[in-house]
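Colleague: Prediction below, plus the sequence it came from.
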2 protein chains.
Amino acid sequence: MLKEKVMSTALTGNEEALRILADYLKDDMQACNRTIISRMDSPVPLIPQLAAHLIAAGGKRLRPLLTLASARLCGYPYGPEHQRHIKLAACVEFIHTATLLHDDVVDDSNLRRGLASANAVFGNKASVLVGDFLFARSFQLMTDDGSLKVMGILSSAAATIAEGEVLQMSTQNDLSTSIEKYLDVIHGKTAALFAAACRIGAIITERPEREELALESFGTNLGMAFQLVDDALDYAANQGTLGKTIGDDFREGKITLPVLAAYQKAEGVEKVFWKRVIEQNEQTDQDLEMALSYIEKSHAIQATMDKADWYAQKAIDALNVFEETPLRKMLVDTTYYTVNRAR
Amino acid sequence: MLKEKVMSTALTGNEEALRILADYLKDDMQACNRTIISRMDSPVPLIPQLAAHLIAAGGKRLRPLLTLASARLCGYPYGPEHQRHIKLAACVEFIHTATLLHDDVVDDSNLRRGLASANAVFGNKASVLVGDFLFARSFQLMTDDGSLKVMGILSSAAATIAEGEVLQMSTQNDLSTSIEKYLDVIHGKTAALFAAACRIGAIITERPEREELALESFGTNLGMAFQLVDDALDYAANQGTLGKTIGDDFREGKITLPVLAAYQKAEGVEKVFWKRVIEQNEQTDQDLEMALSYIEKSHAIQATMDKADWYAQKAIDALNVFEETPLRKMLVDTTYYTVNRAR
């Protein structure tokens, strides 16, 4: 096995990497999309309408792509009788979409928050109920698949996601949150599903536990890197093209590493500033700009990206148990892309 | 087999029936409560706190009681190695609690609605996330149990509940809703879980399909009767003692049989009244009293209760495939109680 030698500072990669991977798995992705469309149908018209708003509209489909890629990396056989990876990839996307819908629910005590789209169009309640429907559908898909092991992994991931989201709520506006707790939050809300999505690829191919755990580690670390970058992007003013609105996390008083890293270095007026805007959530129109300048001064984005690089490197290392195939290379490149989309 | 001879008008029974059933299954219920408490635990403190607000506080526990009773009716064996009924009863309660939490989410476009308690104390978002956690936990419990058949039935019930709730949303404020569609709504939101709760009692006891379907029919029809009575109680002014607030459905413009039955008989000013208060949702403080008088005049509560009696009778008939045991008698009495709690 070739040990990938990548220095943390030498990580490269661009959006092409993801396109190349999706292209390599085009047939699988198309079959997965067909399964998604057919399984989100319901005699109640609002359900496919709202689901289509999120699902059919596209998006990166990163998580189902990871399930498909993991299955293929493990040598999952081709042919019409081998469709478990398709069904389970759809299942992973349903769980992800359900959590997105639920994550966007507006707390009635905090209506200042910017409205997310499905929410804004269909309302809180419809978003919650359609999320529930997709969640239930994902378990129906798992039942069809028939593997109790897969079911155990995905139901446990679903519980961990909810725990991560609740933990995140409880850290909101709290600058005394430790970095460790922040890492627990992003492990729950993001990395757990990445890990499960990858691991089930090995399970359905009946690969040895070593490969199963290697893929779980790849998914976990990729997920951590992905979320760290996502959190960095929320304060990266030149990244408006990536579909994220700058400052959403800031306005919500969400505790992410850029804020924690800046706050932990802050003294005097800076400290007072962070306490006012995050802990007391008292913000004026100029505060985001001020926050960005404090974050820049403290190199908090760099600290966040360094941590993302560290996880990305661990993700890449985990793939070393697999042979050096073009697909493994694509997963490495996708990992590079994940950490580099913020640069 | 004795054919229960019960005239629709002769249904009797009181709250004692439920107490007697719960008492007969006391050991099972206590074991189920212990499973509920231990499985709703989490390292994230807000989760058991919020869950306790609904679950540990008690309530009738009607749905898990139905699973336990069904299992015992089918002769599920006693002994420490036979605990599947306990786990699955807890599972049913988790699904029910999750849907309660999600049903109480306030639509931001409709903040006039009276706040439900978990919601009011913890906010929309926490309620949604803890609901998700309980839902995930229920699937972890099912995975532990290991029956794909049970998993299929409960995941399909969960999808049907979400469909019923979405369908209910889409009928809101719409007086042209047919009674058939209203019955679809209550089948989804209530009867589907009652049916699944009962059916799994037969499955884990490996009873013939005839008994499995008899229990499913018992659950479905009991659930329909239960929800019809619940909807009647929302307009039954003397029932404040039952923990329901009179007029909640009215204020939300929810389409239930009492309103549909009254509206379908209405003419002239009455018709104009219903269109204003329900379709346009323009209500003054005196309108509930006016609605109650129109409902009384049109015998709409009686029509609703007659329908509930009809379903209750079907539920009781379904039990005829079982031997006439004390437990079967208790289930019959509980059915009577269900329809009589409004009288």
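Modeller: Alright, I've got the coordinates.

Colleague: Mind listing what's buried along the host helix or strand of A:Arg34?
Modeller: Here A:Arg34, judged by DSSP states H and E, is contained in helix A:26-39. For helix A:26-39, the neighbour count (16 or more other CB atoms under 10 Å in any protein chain shown) marks A:Asp28, A:Met29, A:Ala31, A:Cys32, A:Asn33, A:Thr35, A:Ile36, A:Arg39 as buried. Using the backbone N, CA and C atoms, a C-beta is placed for each residue, glycine as well.

Colleague: Surely the second one touches A:Leu65?
Modeller: What it means is A:Met29. Yes - contact criterion CB atoms under 8 Å: A:Met29 and A:Leu65 qualify, at 6.8 Å.

Colleague: Common neighbours of those two, please.
Modeller: By CB atoms under 8 Å, 6 or more residues apart in numbering or on different chains, A:Met29 and A:Leu65 have these common neighbours: A:Ala22.

Colleague: on that earlier part again, any chance you could list what contacts the helix holding A:Arg34?
Modeller: Taking CB under 8 Å, 6+ apart as the rule, helix A:26-39 contacts A:22, A:55-56, A:61, A:64-65, A:68, A:72, A:83, A:85-87, A:89-90, A:93-94, A:137, A:140-141.

Colleague: re the thing from before, out of the buried residues of helix A:26-39, which one sits closest to chain B?
Modeller: A:Arg39 (10.1 Å; CB to the nearest CB).

Colleague: can you pull the pLDDT of that closest one?
Modeller: pLDDT for A:Arg39: 95.

Colleague: A:Thr99 now?
Modeller: Confidence score, pLDDT, at A:Thr99: 95.

Colleague: excluding its backbone neighbours, what's nearest it?
Modeller: Nearest non-adjacent residue to A:Thr99, counting by CB to CB, 6 or more residues apart in numbering or on different chains: A:Ile161, 5.5 Å away.

Colleague: Return the residues in contact with that neighbour.
Modeller: A:Ile95, A:Thr99, A:Gly188, A:Lys189, A:Ala192, A:Leu193, B:Asp132, B:Ala136.

Colleague: okay if I get the residues you listed as JSON lines plus neighbour count?
Modeller: Formatted as JSON lines, the contacts of A:Ile161 follow (neighbours: other CB atoms under 10 Å in any protein chain shown):
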{"residue": "A:Ile95", "neighbour count": "28"}
{"residue": "A:Thr99", "neighbour count": "23"}
{"residue": "A:Gly188", "neighbour count": "22"}
{"residue": "A:Lys189", "neighbour count": "22"}
{"residue": "A:Ala192", "neighbour count": "23"}
{"residue": "A:Leu193", "neighbour count": "24"}
{"residue": "B:Asp132", "neighbour count": "28"}
{"residue": "B:Ala136", "neighbour count": "25"}
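
Colleague: and which of the residues you listed is nearest to A:Gly268?
Modeller: Checking the contacts of A:Ile161 against A:Gly268 by CB to CB gives A:Lys189 as the nearest, at 33.4 Å.

Colleague: ok so, going back, centre of the chain to the helix holding A:Arg34, how far?
Modeller: Averaging C-alpha positions (CA atoms, centre = their mean, to the nearest Å) puts helix A:26-39 20 Å from its chain's average.

Colleague: Any buried residues in the helix or strand that contains A:Gly223, and which?
Modeller: Counting by DSSP H and E, the element that carries A:Gly223 is helix A:209-233. Buried residues in helix A:209-233, defined by neighbour count with 16+ other CB under 10 Å: A:211-212, A:214-233.

Colleague: For A:Ala10, give me the pLDDT.
Modeller: 37.

Colleague: Check the one 4 residues further on too.
Modeller: In the prediction, the pLDDT value recorded for A:Asn14 is 61.

Colleague: Over to A:Gln239?
Modeller: 50.

Colleague: can you list the weak-confidence ranges in chain A?
Modeller: For chain A, the stretches flagged by pLDDT under 70 are A:1-14, A:56-58, A:107-120, A:237-245, A:342-343.

Colleague: one step back: following the chain past the helix holding A:Gly223, name the next helix or strand.
Modeller: Following helix A:209-233 toward the C-terminus (DSSP H and E): helix A:248-252.

Colleague: After that next one, which helix or strand is next?
Modeller: Next element after helix A:248-252 (DSSP H and E): helix A:257-265.

Colleague: Name the residues of that next one that come out as buried.
Modeller: For helix A:257-265, using 16+ other CB under 10 Å, the buried residues are A:Leu257, A:Pro258, A:Val259, A:Leu260, A:Ala261, A:Ala262, A:Tyr263, A:Lys265.

Colleague: Can you tell me what sits against the next helix or strand after that helix?
Modeller: Later in the chain than helix A:257-265, the nearest helix or strand by DSSP H and E is helix A:268-274. With CB under 8 Å, 6+ apart as the contact definition, helix A:268-274 has outside contacts at A:Leu175, A:Val259, A:Ala262, A:Tyr263, A:Ala266, A:Asp287, A:Met290, A:Ala291, A:Tyr294.

Colleague: I am finished for the moment; much appreciated.
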